[in-house]
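>>> turn this into a structure:
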Amino acid sequence: MKLTTKQIAITAVLLAVSIISQFFKNTSVFITGPVINACIILAVLSAGLGCGIILAAITPVTSYFISGSPIMSAIPAIIPCVMIGNILIAFSVSLSKDKKGNKLSLPVSMAAGSVIKALFMGISISLILIPRFLPEQMQPKMSTFQTTFSVVQLITAVIGSIYAYIIWIPVKKYLKNES
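Predicted structure coming up:
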């Protein structure tokens, strides 16, 4: 996969936005999560699936270092599961990227990607990793952690999809005029 300068620049800007949003994670996951999901979706739409996958893989790592998540420190296997969840939403959106004439294909792919991401993370993290590997001192917070990696992921992915769709409308026109 050969990336153009434009693709690298778009991905870098969206990564910067994602990283800045991660400083607000301790304020609310409902700030950070939607911004990151929107950035991943916008990367796919404006720079291609490869750039979306790059962002999907990098953001969980930067999140771990910036927020110092105790659950990710206790169960490091959560990080690759978040990466895969992000890649699933990116892949879902890429399926509708070039469909012309069908105005519903993008919102449907965003919704489907949000559900697929939440299901994957809910099963792999909430139902498998957390019950199996959560340290005893963190057991009282198990239901909170499970909700965070399932229901909250669905909500933040849907909100991020809405943000991305709203932002994509003028960006798509700009990119079309630039070509």
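>>> from the chain's centre, how far out does the longest helix seen in the chain sit?
Ranked by residue count under DSSP state H, the longest helix found in the chain is helix 151-178. With CA atoms, centre = their mean, to the nearest Å as the basis, helix 151-178 stands 12 Å off its chain's centre.
>>> distance of residue 140 relative to residue 125?
Distance, residue 140 to residue 125, using CB to CB, to the nearest Å: 18 Å. Placement of C-beta: from N, CA and C, glycine included.
>>> list the contacts of the nearest residue to residue 94 once chain neighbours are set aside.
Of all residues not flanking residue 94 in the chain, residue 49 sits nearest, at 4.2 Å (CB to CB, 6 or more residues apart in numbering). Applying CB atoms under 8 Å, 6 or more residues apart in numbering to residue 49 gives the contacts 90-91, 94, 97.
>>> centre of the chain to stretch 58-66, how far?
12 Å.
>>> can I get that stretch as PDB, trimmed to CA atoms?
Output of stretch 58-66 as PDB, limited to C-alpha atoms (Å, rounded to 0.1, in the frame of the first residue of the first chain):
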ATOM      1  CA  ILE A  58      -2.700   3.700  16.800                       C
ATOM      2  CA  THR A  59      -5.500   5.300  18.900                       C
ATOM      3  CA  PRO A  60      -5.900   2.500  21.500                       C
ATOM      4  CA  VAL A  61      -2.100   2.700  22.100                       C
ATOM      5  CA  THR A  62      -2.000   6.400  22.500                       C
ATOM      6  CA  SER A  63      -5.100   6.200  24.700                       C
ATOM      7  CA  TYR A  64      -3.300   3.800  27.000                       C
ATOM      8  CA  PHE A  65      -0.300   6.000  27.400                       C
ATOM      9  CA  ILE A  66      -2.300   9.300  27.700                       C
END
